[in-house]
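A.B. asks: I'll drop the sequence and a predicted model, then ask my questions.
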Amino acid sequence: MFKIEKSNFVTCYKKGPYNVNMLIAGHDEHDGASLYFMDYLASLVKLPFAIHGYGSFFGLSICDKYYKADMTEAEALNLLNKIVTEIQKRLLVQLPSFHVRVISKEGIKDLPSIYAKYQPDQTVRHESMEI
């Protein structure tokens, strides 16, 4: 059982609650697969695809262009690889790997992680910002 000291609890409570955004996914027999996004104000919306975090600015535009509702798992993984490659190219923070999970009517399964493939061009010369 998680134990928290009363003084720590009171301190955290006074500072204010944490604000979080969530992706909620699941599968049922009536509706099939569903994906929802809930923001920190508890607004809930059903979406065909979702990404959140800094990489979402790049990934959502790729999903807008390539996502299809009837994609196979292989096509979805190919799309995910495109997104990861774009994030590795454009995001300042270089994440070494992305863990992949598939949620289906059979349950949740882990797929092999996607590792960084993008290598910056070493021939590019970075100019100084001196004036």
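C.D. replies: Thanks, I have it.
A.B. asks: residue contacts, residue 80?
C.D. replies: 98, 100, 114 (Cβ atoms under 8 Å, 6 or more residues apart in numbering). For every residue, glycine as well, the C-beta is placed using N, CA and C.
A.B. asks: phi, psi of it?
C.D. replies: The phi/psi pair for residue 80 (degrees, to the nearest 10) reads phi -60, psi -40.
A.B. asks: Going toward the C-terminus from the helix or strand containing residue 79, what's the next helix or strand?
C.D. replies: When elements are defined using DSSP states H and E, residue 79 is found to belong to helix 73-90. Where DSSP H and E defines the elements, the next helix or strand beyond helix 73-90 is strand 97-104.
A.B. asks: contact partners of that next one?
C.D. replies: Identification of contacts with strand 97-104 by Cβ under 8 Å, 6+ apart yields 25-27, 33, 73, 77, 80, 84, 108-116.
A.B. asks: Give me the most central residue, the protein.
C.D. replies: residue 51 (4.5 Å; Cα atoms, centre = their mean).
A.B. asks: Is the closest residue in space to that residue that isn't next to it in sequence in a helix, a strand, or coil?
C.D. replies: In space, and not counting its chain neighbours, residue 51 is closest to residue 59: 4.2 Å by Cβ to Cβ, 6 or more residues apart in numbering. The three-state assignment at residue 59 reads helix, by DSSP: H, G, I helix; E, B strand; the rest coil.
A.B. asks: residues in contact with residue 59?
C.D. replies: Counting by Cβ under 8 Å, 6+ apart, residue 59 touches 51, 83, 86-87.
A.B. asks: Which pair of the residues you listed spans the longest distance?
C.D. replies: 51 and 86 (11.1 Å; Cβ to Cβ).
A.B. asks: give me the number of residues near residue 50?
C.D. replies: Neighbourhood size, residue 50 [other Cβ atoms under 10 Å]: 18.
A.B. asks: now residue 14
C.D. replies: The number of residues packed near residue 14 is 7, by other Cβ under 10 Å.
A.B. asks: which residues of the protein fall in strands?
C.D. replies: Per DSSP state E, the chain carries strands over the ranges 22-28, 32-38, 44-46, 97-104, 107-115.
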